[in-house]
Each structure stands twice: as C-alpha cells, then as structure tokens.
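Q: Show me how the following folds:
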Amino acid sequence: MVETVWKATSKPSPLCTFLLLIILCILGFYSLHYPDSTVINPNAQNALRFRQIFLSSASNHTIASYLRALTQRPHLAGTAPSLATVNYVVSHFKNLNLQTHTTQYKTLLSYPTHSSLSAHFSNGTVHDLSLSDSSDDDAVVRPYHAYSPSGTAFAKAVFVNYGRDVDFQAIKALNVSVKGCVVVARRGDLPRGIVVQKAEENGAVAVLLYTEGEEVKGFERGTVMSGVGDPLSPGWAAVDDGESLEMEDARVLKRFPKIPSMPLSVRAARLILDSLGGAPPPEKWRVDLRGVGPGPTTLNFTYQGEKKVATIHNVFAVIRGSEEPDRYVLLGNHRDAWTYGAVDPNSGTAALLDIARRYALMIRLGWQPRRTIILCSWDAEEFGMIGSTEWVEQNLVNLGSKAVAYLNVDCAVQGPGFFVGATPQLDSLLLEVTKKVKDPDSEGLTVYEKWAATNAGTNVPTMAQKRVRGGKPVAINDVYECDEVARDAQLEVFFQRIEEWFDVLSKQLTALAVGSQPQNYHPNPCFVEEEEDLDIEQEGCDIKEDDEYIERVCLVDWDSPPIYDDYPEDFSQGEKIELDKNKVIYIRDEPITHIVDETFDIKKKKIQRLGGVDSDFAPFVQHAGVPSIDIYYGRGFPVYHTAFDSYVWMTNNGDPLFHRHVAVAGIWGLLALHLADDSILPFNYLSYAEQLQRYKGILSNLLHENVSLHPLTTSIQELVSAAKEAEDEAKILRQQETTGDSVVLKKRALNDRLMLAERGFLDVDGLQGRQWFKHLIYGPPGDHESKLDFFPGVADAISQSARMSRKEIQAAIQHEIWRVSRAIQRAARALKGELT
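A: This next block holds a predicted model:
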C-alpha cells in the first residue's frame, strides 16, 4: 500500500474554512435528527458470541449432580421434603448471584391415610393384594389418586377396557352392566378423573386403574380432580388472607369425583382379570381375557384420604433486561413429584438449574439480556398445575401486557426422540434453534437433522371421525378389519388384486396425515388400481343413490408415488388379516388402501399444539394467551409416577450419559436467548394462519353443509394480510440494528403487536360451562373423547349433538364458529395495530 502524506504548506483560505464549517453543521444536524445510522447496537454484535458461550458451557456432569441432589428423597408437594427442594433451588440461584424470590399460596391438597384391596375368588380363596411399590422407603407415599373421595366397596369386578364411552357401549352390547360393580380399566388417553366420572355415570361404585406394558413397574399415582388450580380459589390466587371457598361449596364439589378410585399394579390387575368370567371381550379391545365379568371374583376395596390446606412455594430467579426490562421471557418447570421424580419432573429442574448456571457465567462475561428473563420453579403441578395457575391468576394483568413467551419443560428426558409442542407463531424459531444444537444420540447430526430424518418425533395426529354412508362415524384407529367396517357401514366395495390388509396397515402409522393436511386431498371420488388413482366415473362404476353418497378424497395428488412398489408374497411375520381381494372402503376423506408418502413438512407433522392440560403451559396459553413452547425427549416411560422413577432408573435407562439433558437445556436456553435478545421478536404469524387454514379444511370435511365456514375464511384471510405486513416490516427493521430513538420506537411498537396478537384468541366469556379456559383456538374439549384437538368450543358443540335437535346442533356449531372467527379477527387487528 502506498502511504500518502499531507503536508500543511499554508493557512487554509477563508472559503475552505467556510465550507468546513458548513460540513460540520450539516453533520451535527444529521446526528441530532437522524441518529439511527451513527451508533451500532452492541447487543446485536455480542448476541452471537454469547449464544456460542451458552452452548459451549454445557456440562452433563453438572446436570447429573443437580438431578442426584434433587432426587435423594421423595418430595410430594406440601411435605417437608418438598420444602427441602425449595431451599435447594433458592440456594442455587442465590449462589449464582441471581435476583431470587419465592411466592407462597395456601391451597387444598390431598393425601392418603389408609387403603386395602383383597380379591375373593369363586373357589373360596382370598388374596390380599399389595398396594405398595416400595418396600425400602417409608417416605414414598402409598399409591393413591389425589382428591379421590374416601369409601369402601365389596362388589364384583368388571373390565371396561379404557373406560371410554365406546367401551361402556360395547359392554352394554354384551348385556353386561357395571351397576354396583368395581370397574377395572387400563390407562389410555382419557384423564383419570374422566374415567372415574364415566364409571360413576354408569353405576359403578369404585374404579381401579392400571398401566399395562411388559416393562411397567409399580403403581401410577395421579390426580382425579377436574380443571386446574386450587379448587378453593377458582379464578383468583390462593394468597394468605384471601377469599377461599368452603369445602361444601358446589363450585368445589363439582371438581371431585363421587366414587373412590385407586391405582393398581399391572400384576394385581392381571390376577383379577384372569379370574373374570362372563361374556368374552370385543375383538377390537385386543386383550387376552376369558371374560369381562361381572365376577365371579369379588373385590373388597377401601380407601381413606384427607384433603387439607397446605403451603406451596414457587421459586423465581430474575435477570433484568437492559433495554426492555418490562418485557418478560419466562422459562418454567415444576419441582414437586409423586415420588423421587428423576424423570417427572426433576430432569427438567436439573436442566433449568444448568441454564441458570450458564446464564450467570454469561453475566460475569458482560452479558445482559435486552428483555427480562425469569426462571420459574413451580410447586404442586402434580395435583393439577396448582402453583403455576395461582401465579398466573395473581399476575394476569401484568402477564397480559408484558409477557413475551413462556417456555415449559416438564419431563425433560423420558427416553429417545425429540418432541415439542408450541403455539404456531413460534414454529420457525423452533426449527432455527434445533439446527444449532447437537443431537445427543447421533454423532455429526443436529437435533433438527435427526428430528426430520426419523419417526421418533413424529406426531401421528388424532384422526377425526369419518361419516360413512349408511353407518355411524368410524374413527381411523378402528379401521382395521375391512370386512367388519364394510358390513357395518353397508358400503359398496370394488375388487382389484390380491393383497393382505397387513401390508397396508403396516404403512399406516407413518404415512397418514388425514385431518391435518386438507390441502393435499384430491376432491374427486376415486379408487385405487395398482399404482394409479382413477375417477370412479371414468371406470363406469355404479354408485347407488348418488344423493346419499359421501365422496372420499385422495390423500395426495394424482401423480404422487406410492410408498410401496411391490407386494411381498410372504406375510409370515406378524398378525395379519387375509383377504381374497383388496377392498376399497369408501370412508369420507380416507383412502385406506392406498397409502402414499406426502411431501415432508416438519412443522405440520412434528410440532404438536398445546390444547391439553398436560403441564404448566396450560394456564399461560389457555387462560392468559401467552405464546408458549413445551419441550421433551422421549414419549412415555415405564416408571411414570411410580416409586421407581429414580436417579438409578435415569442413569440405567433414560439418559445414562445425560447427553439428552444437555440437548434439552441447550434448546430451552437458546430459545430464551433469541426471545430475550433479538431486536425483533422471532414470531411468524403466517404459520398460525396456515395452521388455522388446515383446521378449517378439517371442519369442512366433518361438518354438515348447512354450517357455514365463510366467517372462518374471511377472518383467516385478515390474519394472513396482517401477518404478511408484520413480516415485511420486521425484515426492514431487522436490517436497522441501531440505537436511534425512531428505530427503537418502531421496533418496540412492532414487538408489542407481535406479543399481544396471541391475546386476541382469548374470549372474556371463556368456553361455555368452563369459563376459566379463555383460548378459543387451543384448549381441552369438554368431551375428552373428541377427535378435534383445536377449536374447543366447536368441539363441545359437536359432542352435544346427541342431546339436541338437528336445527339446534347447527345453530350451536355455527355460533362457536362465529366466536372463533371473531377471535381470529381480534388477533389480526392486534397484529396490524390499527383501529377500525
């Protein structure tokens, strides 16, 4: 490089001096009025560096030490050992120099005092059944169902499968009554309390629930209370000296079952069930039993418990934001456990403590988040999300105006496979973050790459019921025996080539997405011939009574390749149903004999939604309307809620090297860093609009033609328009990483709209009959057997159809569709930020 040296040979001329003064004045004016281009935001420069520090400072050994300390003793909420975990978490946060505090609530909890069970067999022998799964630790609470009423029963046993309505109907079809009997049921998708309620409605006097599986050990404890939060303070916080309902209040009593129940070990259940006589079980139940009862075995059952007010403790660590301290990013996990809680929930607690450690390290290195981060350790979740619900109710106004997002982890690690649920505007952020975290089980891959490449994390959607001509609704999970379905539905079938149904069924679980991707359906009636879909009309097939025929639509477009090319000749492996011919069953929007692989979209297939009441995200989403995420590794584990959910089980089975814990903590903490530090919140409401459009497509296939979906169409279009405008504005503002007032205010305004749009989905009146649940897109349906996991108000209206006239049904469904449409419009207008 040639260096140029300027030498002063004379004084500057007056003209030069004048021009220099003008230039300086212009620069001064520009810096005063257009400061945005002059100062680069240091947070933007450091964000990437601190995220790298966060990921690189992970320690599986540290997480293991946290988990070991937390699981030394059982720590049921409201007990002295539970208070010890409070002190442990508080000490950890304080030792990291984090701002720490606790909140206390006086809530109604439930504990067992006595239980016994004996089986009286027909040959006169009596067998006392053990009700303990831990002989070496008296501190482990005996197996029980929280909030079960005390009671005794001496009655015959009867098996009711999963205790669903369809199961009780099947029992009645066998001329079997459960009235006056002790019901034995296996755990399925229904909440425990709902199974007990249905048994009581059918006349049972007590319920025993067991969890089946070869590896299942012990007794699955749990709650049977309906709803969430403290039953004595519904809708408000259970603070000291606050309002508390009396135990005899009708609002309290309706939360509890009327007949006693208790968990049963799979070994004890097998002993009882093998002794039953009576009618054989329906084939669809797929159980190896001689009969379902009642009897001849009689059960002598006693349960005594007490409900009492106890103090629970939530613990918080607060990291104040530097620029927007009044905007909150919350990370939460519950701390209480039925027993030792190594998986549920303290695998998540250990991950939370490690995130706190890493954040504290970053603070020492000069980091401070743009927005405030709050680490939350909840109490009494196992009793019904009580700790988190009371806190949300107490802070509802502040959360409504200031909460950016809530990130939940309950059971951080249950086993292999990454799973996540989220409100849809966070989908894109989830995908981005999982691309930055190493997969714990596959060297050289990220979590995203493994997630996308395996079925371990696939969410097979719950299939909506399909109405068939001449028959009752048939769920896709019931469509196994083709002959039986065809006969029940009085359907015409078309014969093509020899094929065994097992070939099709084996592909079903990994290929179907019916009910979640209506845009991939072909609207014309068709059937399958080898590898081609052909119009029925083209083949000249005679469909009798066309006016009654409900067309079936194809899962994919005409030219989509099948996932199988050749039919194996030998089907010697596995259970199968042999058919002389391949039958095409016409079930609405379900081509059950032509399974094809759809275009892969990870957002559609693998990100679940948060309509259940499974964990502490429920009050944030369904009551406060806060965008939320729920993260975990593995789905289901054999020691769930038993005395064997211990540190030993985790080190031997769940995560021996604690690498999955590291992955969860990495994803969890990195999500929070983006939400706390990104100048523009990483929300994309186009994903929300796409999800709503899919829901509308499902309803269009499910509902009667006299119900109009036009309100949904127009409101979704309005949300699409607002989302596109927000995305365009965000792209522009993200390029302006400066600290000038005008840009800062624009970013603040956009962020507020992005944050508040989710609140638009709330309705002040809530769901009918369940006003606490305010969210009209995601919430639990009143009928827990509903096949819809969205629009809970619409699901409720559909489920009430048996008790209403056709005109009343249409009016009720239409009203709920209007309510949802107005909610979507509110969200769109909040996102747009303009008054009408």
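Q: What is the burial count for the nearest residue to Ala139 once chain neighbours are set aside?
A: Among residues not flanking Ala139 along the chain, Pro74 sits closest, at 5.0 Å (Cβ to Cβ, 6 or more residues apart in numbering). In this view, the C-beta of every residue, glycine as well, is placed from N, C-alpha and C. By other Cβ atoms under 10 Å, 22 other residues sit near Pro74.
Q: my guess is Pro74 meets Thr339, correct?
A: Yes: look at Pro74 against Thr339 with Cβ atoms under 8 Å: they come within range, at 4.7 Å.
Q: Which residues are in contact with each of these two?
A: Common contact partners of Pro74 and Thr339 (Cβ atoms under 8 Å, 6 or more residues apart in numbering): 140-141, 643.
Q: If you rank those residues by neighbours, which is first?
A: Ala643 (25 neighbours).
Q: three-state assignment of that one?
A: Under DSSP: H, G, I helix; E, B strand; the rest coil, the three-state class of Ala643 is coil.
Q: Just the buried residues of the longest helix anywhere in the chain, please?
A: Ordering each helix of the chain by length in residues (DSSP state H) puts helix 806-832 first. For helix 806-832, a neighbour-count test (16 or more other Cβ atoms under 10 Å) marks 809-810, 812-814, 816-817, 819-821, 823-832 as buried.
Q: Check stretch 294-308 too.
A: Applying a neighbour-count criterion of 16+ other Cβ under 10 Å, one finds 294-305, 307 buried in stretch 294-308.
Q: wait, Trp818 sits on Pro711?
A: Yes: Trp818 is in contact with Pro711 according to Cβ under 8 Å; the separation is 5.5 Å.
Q: Go ahead and name everything in contact with the one helix or strand Ile272 maps to.
A: If you go by DSSP states H and E, Ile272 is part of helix 266-273. Contacts to helix 266-273, defined as Cβ under 8 Å, 6+ apart, come from residues 117, 119, 127, 129-130, 157, 159, 184, 186, 208, 210-213, 216, 264, 287, 289, 297, 299.
Q: try 10 Å this time
A: Residues from elsewhere that reach helix 266-273, judged by Cβ atoms under 10 Å, 6 or more residues apart in numbering: 117, 119, 121, 127, 129-131, 157, 159, 182, 184-186, 208-220, 263-265, 281, 287-293, 297, 299, 638.
Q: what about the strands in the stretch 51-200 of the chain?
A: Assigned by DSSP state E, counting those that start in this stretch, the strands in the stretch 51-200 of the chain fall at 99-120, 126-128, 145-146, 151-159, 182-186.
Q: which helices and strands sit right next to the third one?
A: Packed against strand 145-146 by the contact rule (3 or more Cβ pairs under 10 Å, 6 or more residues apart in numbering; DSSP states H and E) you find strand 99-120, helix 192-201, strand 222-223, strand 261-264, strand 298-319.
Q: Tell me which residues touch Arg186, please.
A: Applying Cβ under 10 Å, 6+ apart to Arg186 gives the contacts 159-163, 195, 209-213, 264, 266, 269, 273, 285, 287.
Q: Please convert the buried members of these into ChimeraX selection syntax.
A: The ChimeraX selection below is limited to those of the contacts of Arg186 classed as buried (16+ other Cβ under 10 Å):
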select :159,160,161,162,163,195,209,210,211,264,266,269,273,285
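Q: Tyr88 and Leu70 touch, don't they?
A: Yes: between Tyr88 and Leu70 there is a contact at 6.7 Å, judged by Cβ atoms under 10 Å.
Q: any shared contact partners between those two?
A: Shared contacts of Tyr88 and Leu70, defined by Cβ under 10 Å, 6+ apart, comprise 335, 349, 353.
Q: nearest to Asp249, of the strands of the stretch 51-200 of the chain?
A: Closest to Asp249 of those is strand 99-120 (Cβ to Cβ; 11.5 Å).
Q: gap between the closest one and the chain center?
A: 25 Å (Cα atoms, centre = their mean, to the nearest Å).
Q: Can you mark which positions in it are buried?
A: Going by neighbour count (16+ other Cβ under 10 Å), the buried part of strand 99-120 is 100, 103-112, 115, 117, 119-120.
Q: wait, doesn't Asp677 sit right on Thr372?
A: No: under the criterion of Cβ under 10 Å, Asp677 makes no contact with Thr372, lying 11.6 Å away.
Q: list residues touching both of those two?
A: 321-322, 329.
Q: top of those by neighbour count?
A: Using other Cβ under 10 Å as the neighbour criterion, Val329 leads the shared contacts of Asp677 and Thr372 with 26 neighbours.
Q: List the contacts of it.
A: 319, 321, 369-375, 403-407, 671-677, 681.
Q: Could you do Pro296 as well?
A: 120-123, 156-157, 275-278.
Q: Please check these and keep the buried ones.
A: 120, 156-157, 275-276, 278.
Q: from these, which is closest to Ile312?
A: Ala157 (36.9 Å).
Q: Mind listing the residues bridging to the closest one?
A: Taking DSSP bridges as the rule, Ala157 bridges to Val182.
Q: Ala153 too?
A: In this entry, Ala153 is beta-bridged to Phe301, by DSSP bridges.
Q: Extract the residue ranges of the stretch 251-400 of the chain that are flagged as low pLDDT.
A: Nowhere does the stretch 251-400 of the chain drop to pLDDT under 70.
Q: sorry, that was for the stretch 601-750 of the chain
A: The model of the stretch 601-750 of the chain has pLDDT under 70 over residues 601-605.
Q: picking up where we left off before, distance to Ser805 and mean pLDDT added to the strands of the stretch 51-200 of the chain, as JSON lines?
A: Shown next, in JSON lines, are the strands of the stretch 51-200 of the chain (distance: least, Cβ to Cβ, whole Å; pLDDT from 0 to 100):
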{"stretch": "strand 99-120", "distance to Ser805": "41", "mean pLDDT": "98"}
{"stretch": "strand 126-128", "distance to Ser805": "52", "mean pLDDT": "96"}
{"stretch": "strand 145-146", "distance to Ser805": "38", "mean pLDDT": "98"}
{"stretch": "strand 151-159", "distance to Ser805": "35", "mean pLDDT": "98"}
{"stretch": "strand 182-186", "distance to Ser805": "33", "mean pLDDT": "98"}
